[in-house]
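Visitor: need a 3D model of the following:
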Amino acid sequence: MDHSIPPDSASALSSEVSRRALLAGASGIGAASLLGVNLASAEAASAAASGTVRWANWGYYIDFDEKTNKYPTLEAFTKKTGIKVTYQEAIDDNDTFTAKVAPQLRLKKDIGYDLVTPTEWMAARWIASGYTKKFSAAGVPNKKNVIDLLAHRPLDPKREQSLPWAGIIAGVAWNKKKVPAGFKTMDQVFDKKYKGKRQILVLSEMRDTIGLIMMWQGVDIAGNFTEAQFMNAVNKFEQLVKDGYIGQIKGQSYAQDLQAGNVSHVIGWSGDIAQLNLQVGSDQFGFAVPESGGTFSSDNLMIPSTAKNQAGAEALINYYYDPAVAARLSAYINYVCPVKGAQQEMAKFDAKQAKNELIFPTDATFKKLHVFRGLSASEQLKFSTAFQKVAGNG
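Guide: Got it, this is the predicted structure:
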């Protein structure tokens, strides 16, 4: 199988929003986002003086100790290097987060972060727009450990200004208390018994939600699909909303609704579901890649062009590309690990997790995963506009 990933052409900010705050409710994110912008200059000065690295990441995306309310691998990094890290779960959606920081990036003003983690299609836009810094010559020697699958991506062929934080699998997740049998197909996901009940929640990430619908309709999302095929999927999406199958379209905060029992199942990300099960201390939530296929992408570590602590950010990236560190991280977050040697390191302390195909996919798993092909600028505008209109944002 050809595992090459087609390119794409082209959230709220928070002031210390924790993973548990996301689970408790999204209300704190909006207010904090406003503070994050206003305090950016003061925080930048403080970060530069103290050697602190300010990192914007997604929720459910780093190891966390419930007893200490700290992040073990970050604590170890600070102990090892003396560099402090202000870690913020500030990204809920690629478009929303970028829209908030792009005006400052264009003006070459500090955005409040030295490290960001957008998904590949958005990362490509950041690079094309000149919003990122290239790594220094000796800054990230461990980048040699990136897995072959993600080593030479079109957005950054030599990996000079980006490295994958984790690979993302989008599929179907469900609350086992509401759907004990789970799902194997998209026909089951949108069975007529769910019509009008608004018990299904889908992602605001267009490529994942529409991608799964297109594959359900027999379209190869990695191939040269047509505008008509895309719009056919959008029309199906719109009908599912009108018929009351889909209750909400959300960013990563969808996990709150699944945990709270507000919905029975979702189009969501594999690692989030593993995190929810850790939160509740049981195997309450299930996840599967539909028989018609799931989507695959990656979130990428990048240093914004306005970063105040490039050296510290590079040291942090390099640290997470140590196979032993990557193993500890991946055993917790359950996303696809992008670091060579991590599987062998994980086997030393957790042999079962080292065989988890959601962390280290086999060829058989990869055959079910597909990446949404790259879009031209005109396609991106037209497709996104159509999607957002149905999602209620157009």
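Visitor: then residue 277 would be within a strand, right?
Guide: No. Judged by DSSP: H, G, I helix; E, B strand; the rest coil, residue 277 forms no part of a strand; its state is helix.
Visitor: didn't it look like it was pressed against residue 286?
Guide: No. Counting by Cβ atoms under 8 Å, residue 277 does not reach residue 286; the two are 9.2 Å apart. Heads up, the C-betas are built off the backbone N, CA and C, glycines and all.
Visitor: separation between the most centrally placed residue in the chain and residue 60?
Guide: Centroid-nearest residue in the chain: residue 299, 5.3 Å away (criterion: Cα atoms, centre = their mean). According to Cβ to Cβ, to the nearest Å, residue 299 and residue 60 sit 12 Å apart.
Visitor: and residue 223, by the same measure?
Guide: 31 Å.
Visitor: between those two, which one's more packed in?
Guide: Each of residue 223 and residue 60 has its neighbours counted (other Cβ atoms under 10 Å); residue 60 has more, 25 against 10.
Visitor: show the subsequent helix or strand relative to the strand ranked longest in the chain.
Guide: Ranked by number of residues, the top strand in the chain under DSSP state E is strand 163-175. Counting by DSSP states H and E, the next helix or strand C-terminal to strand 163-175 is helix 186-189.
Visitor: what comes up buried for that next one?
Guide: The neighbour-count check on helix 186-189 (16 or more other Cβ atoms under 10 Å) flags 186, 188, 189 as buried.
Visitor: need the residues that contact the helix or strand just after it.
Guide: Using DSSP H and E, the helix or strand that follows helix 186-189 towards the C-terminus is strand 200-203. The contact list for strand 200-203 (Cβ atoms under 8 Å, 6 or more residues apart in numbering) reads 170, 189-190, 194, 209, 237, 240, 245-251, 254, 257-258, 262-269.
Visitor: CA atoms only: put strand 200-203 into CSV for me.
Guide: Extracted C-alpha coordinates of strand 200-203, given in CSV (Å, rounded to 0.1, in the frame of the first residue of the first chain):
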residue,chain,number,x,y,z
ILE,A,200,-25.1,12.3,17.1
LEU,A,201,-22.3,15.0,17.3
VAL,A,202,-19.8,15.5,14.5
LEU,A,203,-16.5,17.4,14.3
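Visitor: distance between it and the chain's centre?
Guide: 16 Å (Cα atoms, centre = their mean, to the nearest Å).
Visitor: for stretch 138-151, same thing?
Guide: Worked out by Cα atoms, centre = their mean, stretch 138-151 lies 20 Å from the chain centre.
Visitor: flag every buried residue along it.
Guide: 139, 140, 142, 143, 145, 146, 147, 149, 150, 151.
Visitor: give me the neighbour count for the residue nearest to the last one when sequence neighbours are not counted.
Guide: The one in question is residue 151. In space, residue 151 comes closest to residue 159 once its chain neighbours are excluded; the distance is 6.7 Å by Cβ to Cβ, 6 or more residues apart in numbering. A count of nearby residues for residue 159, using other Cβ under 10 Å, gives 19.
Visitor: and residue 159, what does it touch?
Guide: Counting by Cβ under 8 Å, 6+ apart, residue 159 touches 143, 146, 151, 152, 153.
Visitor: got these as a markdown table, with secondary structure and distance to residue 319 columns?
Guide: Listed next are the contacts of residue 159 as a markdown table, based on DSSP: H, G, I helix; E, B strand; the rest coil; distance: Cβ to Cβ, whole Å:
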| residue | secondary structure | distance to residue 319 |
| --- | --- | --- |
| 143 | helix | 12 |
| 146 | strand | 14 |
| 151 | helix | 19 |
| 152 | coil | 23 |
| 153 | coil | 22 |
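Visitor: closest one of those to residue 129?
Guide: Nearest to residue 129 out of these is residue 153 (Cβ to Cβ; 17.1 Å).
Visitor: tell me where the model's unsure across the stretch 1-150 of the chain.
Guide: Filtered on pLDDT under 70, the stretch 1-150 of the chain yields the residue ranges 1-50.
Visitor: let's see it at 90
Guide: Along the stretch 1-150 of the chain, the parts satisfying pLDDT under 90 run over 1-51, 59-60, 66, 92-93, 137, 149.
Visitor: the stretch 251-394 of the chain now?
Guide: 251-256, 270-272, 274-282, 334, 356-358, 361-367, 371, 373-377, 392-394.
Visitor: in it, which spans are helices?
Guide: 254-260, 270-280, 310-320, 323-333, 342-347, 363-366, 377-391 (DSSP state H, counting those that start in this stretch).
Visitor: what helices or strands is the longest one leaning on?
Guide: Helices and strands in packing contact with helix 377-391 are listed as helix 206-216, helix 227-242; criterion 3 or more Cβ pairs under 8 Å, 6 or more residues apart in numbering; DSSP states H and E.
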